[in-house]
Each structure stands twice: as structure tokens, then as C-alpha cells.
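Asks: Would you be able to build a 3D model of this:
(chains A and B)
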Amino acid sequence: MKEFQIVVLAKQVPDTRNVGKDAMKADGTVNRAVLPAIFNPEDLHALEQALRIKDQFPGSKITLLTMGPPRAVEILREGFYRGADDGILLTDRAFAGSDTLATSYAISCAIRKIKNADIIVCGRQAIDGDTAQVGPQVAEKLGIPQITYAEEIVLLTDDKIQVKRRLERGIEIVECGFPLLITVNNSAPRCRPRNAKRLMKYKHASTVSNRQESNDDYLSSALTKPHLTIKEWSVADIECDREQLGLNGSPTKVKKVDNIVFQSKESRTIEDLDEDIDELMQELISSHIIG
Amino acid sequence: MSNFFNDNPDLQFHLTHPLMQKIVALRENNFKDKDAYDFSPSDFEDAMDSYTQVLEIVGEISGEIIAPNAESVDHDGPLLENGKVIYAKGTQENLDAIKQAGLMGITLPREFGGMHFPIVPYIMAADIVSRADAGFVNIWGLQDCAETIHEFGSNAQKEKYLSRVSKGDTMAMALTEPDAGSDLQAVMLKAHFDEEKNTWLLNGVKRFITNGDGDISLVLARSEDRTQDGRGLSMFIHDKKNGGVTVRRIENKLGIKGSPTCELVYKDAPVELCGQRKFGLIKYVMSLMNGARLGIVAQSVGISEAAYREALAYAQKRQQFGKPIIKFPAVYEMLAVMKAKLAASRSLLYETARFVDIYKTYSHIANERELTKEEKEDQKKYQKLADAFTPLAKGLTSEFCNEIAYDSLQIHGGSGFMKDYPIERIYRDARITTIYEGTTQLQVVAAIKGVTTGTYLSLIQEYEKTSIKPETESYRSILISMTYEYEEEEARITVHNNIEFTEFHARRLVEMAGNIIMGYLLLNDTQREHSHWKTLEVFLRFARSKNHGNASFLNHSTLNDMGKYKFE
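Replies: As a prediction, this is how the structure comes out:
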């Protein structure tokens, strides 16, 4: 039976689902201090898909990869509680200020270092930025196919996968070989609960630097229990071009942020015809959203 | 995201009771498992943190999965197909989540795949799940039966069955029969040893068996030919994989409709003897029932919590005469009393659970080594308390649960009578709690011994001696005068030395003792958390007038009374 190497991409995000009045700062950026940090919801749906693959192919290995500040180790623990086999925290000051391009570059370098990933799964988008760009960009940078808006794995064999995509006007079932990247919709099944024993096993797991910082009492037991140490990679651990990281590697510049209340009458459907796309681009450029 | 543990500070309050130090120390036995199992705690704080975090999982599953499924489960109910039970879709979803979360075998030893939690956090999980769906808690809570195998089964049976329960196999306890309900001595299901097949075989019928089609069942059957009473009964383990049992019917019930109540037909069903022959009823069922009764107390408290919350939310939202109805004295008085009864029930639940925890843990330790003299005395003390408290708690909290559900529906007015609000389901679910695992009337039969032997009184006197904050002294004076009244009335009845007369008044006396005990428990709670004073005061006003009422009845009662009530 095939043993899949699965990488799940996850992001720790501020919980923007229950925002109060201090959720946004005056400059229009998210006030992370007042919002609890959570596992990005659609990434949890992605983890569930990975766990289902492992249910079917029990020898498979799930590695959870996240890029973020040291406290993002929390979501790796959360992943362990739910069944991930390994977790890697990609953290370095050099990553600060990354837009989706720089983020996907760094993540793709980390995936190369993990080696031999057959299936990369991530949520469609994160609730803080809602760009839905990182997944597809990672696939592009790795030069592998991608299936977006996945809702269900319909069929999985040693050499191919069939995925049901939930699209705006219906569903589509597509087939692909390995390796590939899948982005998962929130219409996919929710993630299974945390497992009590795994929680008790991994609750003291942390990275070496977090542990040193907090003078953690469990430092000594971590020496005899390797599962209590979570891997942490910095820029030096992945092969990459520093120019493409962080602010340097991020062409996106925030010009201004407006508060907008969406109304359904403002939505428009753009056909995938050249003239429609041209028209949209013209409009975005003339309103300075792009350029 | 709704979490039924995190949204309820009362649970965290009871979990952190000072006696937990002793309970954890006994249970973890110097934390001897800490290197043998990677999920074992290494000290007290670590253990408490694990209980808390695991209860957060229970709270999340209850709030996010079990509660939202409750309505459809109540509507769909289980199905009977080819002699087997098919759970409602929602029930199966709940069970899958519980299994994935590893919330089975919570109290079982780690060597059999359990988590080895004390009874307090397990009972708290039952309290939480009951609030979400009182029918589902039966299926999940029957893991309790594994404790009987743990206590009395052979090593091979523990090895075989406990690990399966820890992995998610469900259980059942098959005791009741058409002609053996409250009176289990009348059980007729026949067990005989077949020499040829070298196994015990069962033949006959069981009725009203909760989750009767569970994977592993404990079955009470008559192993001794030509016997009529309890001494001819033995306990057996039936493994569903071995067949021989069909479900003839699933009862159509008033409430807890998601929980399949089965009539079972045994035809040469192969079973294993559990423990010693002839000890089935007199020893093992007693242990099984005490565990199950504590489970019903938790269920009663969880239902009370759900009913109280529904009433509170409705009363705050519903506007009449230009304001929310909670602003009207008739409504807020009801709500305050409901809240006080809920708090009193919960304090009684956890006090009982702590007593059971300590004495059960001593019995497990006694299986490994001989207890010291002090330990034996301590065990005896707590066993006595547990035995006195279990029927008291089952009787009183299940009655409170029904009163709270009744009042909650009343606060909903006409809307409460419709299927549109959860309260009609909660109200129906509450009804069984005073009936099964021994009716309130039978709990009183057990609890009256606590009255006549003075067990409750000496405990009340213990509580009375506890040092308290001066600002709560006035509450204690109320309890002291209630105690005088209780002593007086108890003497007034027992002086006649007439069994029937004592039984006639038993419920009144048991209630009086219970109200005083719950009052003291709430007084103790107020020492730890001063904000409880309001609930304490509301409860004391309720309890005092209730006890006065009972006393007034007793004051005017003579032996001649019974004749006026009797049906000849």
C-alpha cells in the first residue's frame, strides 16, 4: 500500500469571525492584539482531508507546515492533537512583512526541503487576508498541478486522485497524478475533534526557542521525550534567495484601506472571455486597485 | 463556536475543589505512570491541566456537534432492522466524534487503553454531554459498565473487553425483565453451562434495555436452577460478536428518544461468567447501579442546566407589556429559584462524585497492595459517605431537574408547548430521571437509612463545624435552626418504632436532610467564591420554607394517619 507524504499548509490568523469595535486599527490594519489567534478555519478542513487520506492509507505521513511568529507553534500543537505526525514552524524575522508572493516563495522552499511531498493540502484562503493566492502560488513555484476549491476526495489510488471541486455554478470532478497541491473549501467536512490522549501527549510540545524564552519547566522532560520538541526552521535552514523574502520580496503595497459594507447588488459575474477580463483589468487599473 | 465547558464557570469551580488534591494523589499513586505512558501527568498541576483541556474537548463536541444534532435525533430516533439497532444519523455522528476524540474508557486504567481519569472529571463530562442531549449521554455513559468488569472481571476479561471499550465499543447493562423491574430478585433469564460447547448459554427475554444492541453487555441471569431469589443470580458478559441475541422491539418513548430502549430475546446466547457465581445481584449489580445512579445525577444536572439556560434566554428576549418578561417578579422569582436548585444539585453531584472517587480508588489500590490501617479507615469513611449520598443525590436532583424543566416550559408560555423551542424536548427528556435506575421512591427507601442511623445528621454536624467567613455566619444560623427542626421531626417519627410509619414519612425526612446538606454545600461554595452568596440565600429561603412545610405535616401526624390514606 502506498505511503503518501502529505504536507498541510496552515496559518495562524486573528479570529475575524467575531469582531468587536476595536478589531481594526485607525490605519486600517487588523488589530491582532485584541483578536484571539486561531487555526485558519479552511486549513482545518484541509487537515481533515489529509487525515482521511491517512485513514485510507495508514502508512502515510502528515507534516503540518506553518510560517509565522514563534507563537504560531500553537497551531502546530493543535495539528498534533488532531492527528498530524510532524510539524514545522517556519519562523524568522527575515519573513516579516511578506505578501502572498514572498510567503508562497518561502513556503515552496520549505516544501522542497521536506522532500518528496506527494500531496500538499491547504485551505482555500485565510480569514485575515482572504486572498486565496498562497496555495496556487506555491503550486506554481513548485511547478506542480493544483486543484482549487476542493470539497471531497472522490477516489484515491496509488497513482491518481479524483477531486470534487465546488464552484460558483456547480461541481466539477477532476483527476490528477502526484505530486499536486489541493486547496480546500469550507464546504468540505469539518475537521475531526482534538483527540484527548494526543492532547495530553503533545500539550507540552514546543520549539526550542519558545521553551528557552519561557523558562519552561518541561525542558528536562523534553530531552528524554523527542516528541515534545517541535521543529523550527529559519531562513538559514531552507535554500532560498533572501531578496525574495519578507518586505524585499513583496511587491504588494497597501495604498489605503476602506471600510466597505458589501451588498449583493454590487456583485458582478465576469465570464472567462478575453474581452470581459480586459474590461475588468481596465477598470481595476483606472481605479488604482492595480498598478 | 460554542463550548459547553468554557461557557460555564460553575464547572471549572467544582473541578478545582480542594479535595481534588487528595483524589489525584490517590488516583495517580505518586505519578507512577508518568514515564510508562506519554500521556500521563507528571504532577498535580499537570493532571488538572489535562482534565481541564480534555473537558474543553468534551465542551466543544457537545456545543458544536451533539447539541445541534439533538433535535433531529429526537425526531428520527433509532431504527430496528433485522433484529439490530440502527442509530439515528445524528447519534452516529455524535458517536464518531466521541470516538475520534478518544472520549471512551475515560476512567479505565492506561494499560487497557483508558485515560485513568478520576470519577469527578468523568462525571463532569457526563454533566456537559447531558446538557447537549440527554438521550445521547446514555449511549456514551454506559462506558460506566466497564468499571464493573474492571472491578470484578478476570484479567483475561479486562484485557479483552476494557481495551475495546477504550477504543469506542459501546456497552449495555441488561438487568430488567417484563416481571423484574424494581424487584430484580425476580429475574428469570436462564443461564446454563453447556458442557459440550464449554460455555454458559442464556435463554429468555430482557426488557427496557438501554442501548441493548451495544457491543458488550453485562447481563444478569439465573444460573442456579430451582432458585427464586437474588442469591440464584449471576453476572455474565455478552459479546455482540458471538450472536444469540436479537432485538425484538425498540420502545417508543416519551423522551430520550435517541437512546434505543430494547426488548432482547436470548436464544442460546454464549456468554462469559463475570466474577463469582451467585454474586450477580447481591454484589455486582449493587456496584453497577451505584455507578449508574451517579450517572443519572449528572444527567439530571445537565438537563437542569439546559432547561435553566433556555428559560433565562427566553425571559430576557420575550417582550410583553413593553418590557422583557424577566423584569416581572413572578418570572424572575421562578428563574432565581431554578438557578438555586441547579446550583444545589450540582454541588451535591460533585460532593457525591468526590466521595465515590476516593473510596473506589482505594479499592483499586487494594487490588495491588494491602491498604494500611489508616487507609482502610479512610476508605470505610468515604464508602459510607458515598453510599449515603448516592441515593440522596439521585432522588433529589432528578426531582429538581423535573421541577426546573417544568418551570422553564412555563416561562416559555404557549411557545414552550410548541415543537418550535428546545424546551419541549428537554421537558420530555427530564421525565425519565426520577424513574430509571431506581425511582425516587426507591431512592428514599435507601436514603431513609441515612436518616434513621444518624449518618446524615453526623455529616451535617461535620459541615457545621467547618470554619467560615464571619460575613456568612447568618446563613449558618439558618442551617443550624433547620437542623434542630430536622432532629426534632426525625425523633418524632422514629420514636414510634413503626416501620410503616417511618416509610410513610420517609420522603419528607429525606428531603429535609437533603435540603440542609445542599444548604451547607452552597455555604461552602460561598467560602471559596463569594459571588455565590445570592444563590445560597435564594436556596436557603426555598429550603427553609420547604422544610417548615414538611415539619408542619409531621407535627400533626399520628400513627392513625396511615389508615386514612390506605386503600384496602
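Asks: which parts of stretch A:199-207 are buried?
Replies: By neighbour count on 16 or more other C-beta atoms under 10 Å in any protein chain shown, the buried set for stretch A:199-207 is A:199-207. Where you see a C-beta, it was placed from the backbone N, CA and C, and this is true even at glycine.
Asks: mind giving me a markdown table with those residues and columns for secondary structure?
Replies: Conversion of the buried residues of stretch A:199-207 to a markdown table gives the following (DSSP: H, G, I helix; E, B strand; the rest coil):
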| residue | secondary structure |
| --- | --- |
| A:199 | helix |
| A:200 | helix |
| A:201 | helix |
| A:202 | helix |
| A:203 | coil |
| A:204 | coil |
| A:205 | coil |
| A:206 | strand |
| A:207 | coil |
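Asks: List just the nearest of those to chain B.
Replies: Ranked by distance to chain B (C-beta to the nearest C-beta), the buried residues of stretch A:199-207 are led by residue A:200 at 3.7 Å.
Asks: What sits closest to the closest one if chain neighbours are left out?
Replies: Once flanking residues are discounted, residue A:200 sits nearest to residue B:39: 3.7 Å by C-beta to C-beta, 6 or more residues apart in numbering or on different chains.
Asks: any idea whether that neighbour is helix, strand or coil?
Replies: Criterion first, three-state DSSP; result for residue B:39: coil.
Asks: related to what we said a few turns ago, tell me which two of the buried residues of stretch A:199-207 sit farthest apart.
Replies: A:200 and A:207 (19.6 Å; C-beta to C-beta).
Asks: Pop the domain breakdown of chain B in here.
Replies: B:9-168+B:282-434, B:171-277, B:440-562 (automatic domain parsing).
Asks: between these, which one is nearest to residue B:3?
Replies: Among those, domain B:9-168+B:282-434 sits nearest to residue B:3 (C-beta to C-beta), with 4.2 Å.
Asks: Residue B:8 contacts residue B:305, correct?
Replies: Yes. Assessed by C-beta atoms under 8 Å, residue B:8 is found in contact with residue B:305 at 7.3 Å.
Asks: Looking at these two, which has the bigger crowd around it?
Replies: residue B:305 (25 against 19; other C-beta atoms under 10 Å in any protein chain shown).
Asks: Tally up the residues packed near residue A:209, please.
Replies: Neighbour number of residue A:209 under other C-beta under 10 Å is 14.
Asks: how close does it sit to residue B:154?
Replies: Plainly put, residue A:209 is 52 Å away from residue B:154 if you go by C-beta to C-beta, to the nearest Å.
Asks: So, low pLDDT: which residues of the chain?
Replies: No chain in the question, so chain A it is. The model of chain A has pLDDT under 70 over residues A:27-29, A:215-222, A:264, A:266, A:291.
Asks: could you do chain B instead?
Replies: In chain B, no residues with pLDDT under 70.
Asks: tell me which parts of it are close to chain A?
Replies: Neighbours of chain A within chain B, by C-beta under 8 Å from any C-beta of the partner chain: B:38-42, B:49-50, B:53-54, B:57, B:60-61, B:65, B:97, B:100-103, B:115.
Asks: Which members of these occur in helices, if any?
Replies: Among those, the residues falling in helices (DSSP state H) are B:49-50, B:53-54, B:57, B:60-61, B:97, B:100.
Asks: out of those residues, who's nearest residue B:322?
Replies: residue B:60 (39.4 Å).
Asks: Tell me, how many residues neighbour the closest one?
Replies: When neighbours are counted by other C-beta under 10 Å, residue B:60 registers 21.
Asks: In contact with it, which residues?
Replies: By C-beta atoms under 8 Å, 6 or more residues apart in numbering or on different chains, the residues touching residue B:60 are A:193-194, B:1, B:3, B:5.
Asks: what's the answer for residue B:475, then?
Replies: B:519, B:523, B:526, B:533, B:536-537, B:540.
Asks: where's it, which helix or strand?
Replies: Residue B:475 is part of helix B:473-494 when elements are defined by DSSP states H and E.
Asks: Could I get the buried residue list for the next helix or strand after that helix?
Replies: Per DSSP H and E, the first helix or strand lying C-terminal to helix B:473-494 is helix B:499-528. Using 16+ other C-beta under 10 Å as the test for burial, helix B:499-528 gives B:501-502, B:504-526.
Asks: follow-up on the earlier one: between the domains of chain B, which one is closest to residue A:276.
Replies: Taking C-beta to C-beta, domain B:9-168+B:282-434 is the member of the domains of chain B nearest to residue A:276, at 41.3 Å.
Asks: Secondary structure element holding the closest residue to residue B:300 other than its chain neighbours?
Replies: Among residues not flanking residue B:300 along the chain, residue B:401 sits closest, at 3.8 Å (C-beta to C-beta, 6+ apart). Assigned by DSSP H and E, residue B:401 falls within helix B:373-412.
Asks: Quick one: list the elements packing against the very next helix or strand once past that helix.
Replies: Per DSSP H and E, helix B:373-412 leads on to helix B:414-417 as the next helix or strand towards the C-terminus. Helix B:414-417 sits against helix B:373-412, helix B:423-430, with contacts defined as 3 or more C-beta pairs under 8 Å, 6 or more residues apart in numbering or on different chains; DSSP states H and E.
Asks: Quickly compare these and say which is most buried.
Replies: Highest mean neighbour count among the helices and strands packed on helix B:414-417 (mean count of other C-beta atoms under 10 Å in any protein chain shown): helix B:423-430, with a mean of 25.
Asks: Alpha carbons of it, as PDB, please.
Replies: What follows is helix B:423-430, C-alpha atoms only, in PDB (Å, rounded to 0.1, in the frame of the first residue of the first chain):
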ATOM      1  CA  ILE B 423     -37.700  23.200  25.900                       C
ATOM      2  CA  GLU B 424     -40.400  20.700  25.000                       C
ATOM      3  CA  ARG B 425     -37.800  18.100  24.200                       C
ATOM      4  CA  ILE B 426     -35.800  18.900  27.400                       C
ATOM      5  CA  TYR B 427     -39.100  18.700  29.400                       C
ATOM      6  CA  ARG B 428     -39.800  15.200  28.000                       C
ATOM      7  CA  ASP B 429     -36.200  14.100  28.400                       C
ATOM      8  CA  ALA B 430     -36.200  15.200  32.100                       C
END
